[in-house]
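In: pasting a predicted model and its sequence here:
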Amino acid sequence: MVNQKLGNFLKKSKKIIVGVIGILLVLAVLPFLIPTEKYLTQFERTATEMLGVPVQIAHARLYFIPTPRLSVDGVVIGKEDVTIESISVVPSLSTLFSETRTIALNIHQPTIKHSAVAIVTQLLDAKSSSSGPSPVEISSIEINDLKLVWPSLKLPLLNAQANFAKGMQFLDAEINSEDGQLVANILPSDAGHTVVLKMKDWVMPLSKPFVVNEGRVDMALVGSQLDVSKISMQMYGGTVNGNAKLNWQKAWQLNGQLYVKEVSLKAPTKMLNPNTYMDGRLVGNGRFGASAKNAGQLMDQLRAEFTFTINNGVLYGLDLVKLASLLIKQTPKGGQTQFDTFTGQLSISGKRYHLKRLQVSSGLISAKGDVKINEQEKLDGKGEVAIKQSVGLVSVPMTVSGTLQNPLVYPSKAALAGAAVGTAILGPGLGTSLGSKAGSAVEGLKDLFGGD
């Protein structure tokens, strides 16, 4: 009797298993029988109308297992401003037969170029013309392996998750880098959205890998304005604090200020040039701003003015004392110059830099100068070096040339000529000293009357 019941149960179980397998096979094969390719043109037209730029889709297909979903592959938006490997549209089963259906979007490997900023800002500024309820609402958006392509920046891959309540009310979002160095949390506020960006051992996406040990940026996004109320970063043993505002209502406008305190210069300046670099603690502050037609041009239009002081430092790779003493047109390689204070102002105009009102002071020497750096990183400047505790040489005019990677500093032509004449007439020592002073005076007269 027991064996007969067990046999009947097994027969029924086999039927159930066969039926389930059959249903799964049908669900797996059915998507290939539905001509979704016929609807691609309609999909592309609808997306183009929504975004205001051309949208192309390579493939679209329905799947029923493991869950019902629509997969869209090979999406191109605009002139390849945005490309997406695939998008999965997963409907909520409980809303399939409701008036408003709820879906989740999974976006895989999108690539966004800086030119897409115009598309995004247009969407942010656009107001919906629909007065009735939307037939589709999004419950969540998950983005994997987001790649941002920005000029002169090396950005990490990003992942993002955004959640929405009924009626497409934004709940929260989190964006994080795959290397774990960046995490941004976005929450709704009364006026717009609040954004908190946290950094841990973050390598800046610049040509030189400067490191922020720990940092936090507090921002508020309201309409077409991003208000960065607080920038706080710990790096190279010191701190960098500041604030900024970015507005793109008409043109892109950026302005802000930074405060630097006790940042050690040895590691970052040695990264810029391993042969000529500087040690010491940097203290400074300044303002910056930019105005451009689009976001991609902002950095090229950057304008800034900073005042700085470097205390108890060493200039490696350049011996100013030796330069002022030798009075030959040659930069002594190696050596170093110790100083108590190094002060000055830095002006930035796009990719041009101007170091002005430079003053170096120590127990042995004092120096002053003015150096310009063009877009090709070529140096053009002049200055004076005075050796203290010296009866002869009081001040020797210097010329600065070369590049950032290979700076050249040597006595000016007038100083060299004056020293040679003085030495010939009065002999080494006092003659050289007086001749050098005369050369320095000639340099001053040329500057006064605008001569070369």
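Out: Noted; the coordinates are in hand.
In: how's this protein carved up into domains?
Out: The record's domain parsing of the chain by automatic domain parsing lists 26-126+134-149, 172-235, 412-452.
In: center of the protein, which residue is that?
Out: residue 205 (5.2 Å; CA atoms, centre = their mean).
In: in contact with it, which residues?
Out: Applying CB atoms under 8 Å, 6 or more residues apart in numbering, we find residue 205 in contact with 150, 153, 154, 155, 156. To be clear about C-beta, it is placed using only N, CA and C from the backbone, and glycine gets the same treatment.
In: next: residue 179.
Out: Counting by CB under 8 Å, 6+ apart, residue 179 has contacts residue 156.
In: hang on, the earlier thing: need the contacts of residue 205 in TSV with neighbour count, can you?
Out: Formatted as TSV, the contacts of residue 205 follow (neighbours: other CB atoms under 10 Å):
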residue	neighbour count
150	15
153	13
154	11
155	13
156	17
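In: verify the stated contact: residue 412 with residue 395.
Out: No - contact criterion CB atoms under 8 Å: residue 412 and residue 395 do not qualify, at 11.3 Å.
In: make sure residue 324 is indeed in a strand.
Out: No - counting by DSSP: H, G, I helix; E, B strand; the rest coil, residue 324 falls outside a strand, being helix.
In: can you count the residues close to it?
Out: 23 (other CB atoms under 10 Å).
In: same question, residue 388
Out: 13.
In: apart from its chain neighbours, what residue comes closest to it?
Out: Sequence neighbours aside, residue 364 is the residue nearest to residue 388 in space, at 5.7 Å (criterion: CB to CB, 6 or more residues apart in numbering).
In: quick check: the one you found vs residue 197, distance?
Out: 46 Å (CB to CB, to the nearest Å).
In: these two: which is more packed in?
Out: Legend: neighbour count by other CB under 10 Å for residue 364 and residue 197, higher for residue 197 (18 against 15).
In: element containing the more buried one, please.
Out: Element membership of residue 197, judged by DSSP states H and E, is strand 193-203.
In: just the buried residues of the helix or strand harbouring residue 175, please?
Out: For residue 175, the host element (DSSP H and E) is strand 169-177. Across strand 169-177, burial judged by 16 or more other CB atoms under 10 Å covers 173, 175, 176, 177.
In: got the contact list for the second one?
Out: So that's residue 175. 158, 159, 160, 182, 183, 184, 186.
In: so who does the second one touch?
Out: Right, the one you point to is residue 159. 143, 144, 145, 146, 175, 176, 177, 178.
In: then residue 340?
Out: 311, 312, 361, 362, 363.
In: repeat that for 6 Å
Out: With contact taken as CB atoms under 6 Å, 6 or more residues apart in numbering, residue 340 is in contact with 361, 362.
In: run the chain-centre distance for the strand or helix carrying it.
Out: In this assignment (DSSP H and E), residue 340 forms part of strand 336-349. Its chain's C-alpha centre lies 25 Å from the corresponding centre of strand 336-349 when counted by CA atoms, centre = their mean, to the nearest Å.
In: show residues contacting the helix or strand just after it.
Out: As assigned by DSSP H and E, the chain's next helix or strand after strand 336-349 is strand 352-361. With contact meaning CB under 6 Å, 6+ apart, strand 352-361 is reached by 339-347, 367-374.
In: quick one, which of those are buried?
Out: Here, 16+ other CB under 10 Å leaves 339, 342, 343, 344, 345, 346, 367, 368, 369, 370, 371, 373 buried among the contacts of strand 352-361.
In: okay, these in TSV with distance to residue 224 and pLDDT next?
Out: Supplementary listing: the buried ones among the contacts of strand 352-361 in TSV, determined by distance: CB to CB, whole Å; pLDDT from 0 to 100:
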residue	distance to residue 224	pLDDT
339	47	92
342	42	95
343	40	96
344	37	96
345	33	97
346	31	96
367	48	89
368	45	91
369	43	92
370	40	94
371	39	95
373	35	94
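In: looking at the residues you listed, which is nearest residue 302?
Out: Set against residue 302, the nearest of the buried ones among the contacts of strand 352-361 by CB to CB is residue 346 (12.2 Å).
In: and which of the contacts of residue 159 is nearest to residue 220?
Out: Among these, and counting by CB to CB, the member closest to residue 220 is residue 175, at 16.5 Å.
In: tell me what that closest one is bridged to.
Out: residue 160, residue 184 (DSSP bridges).
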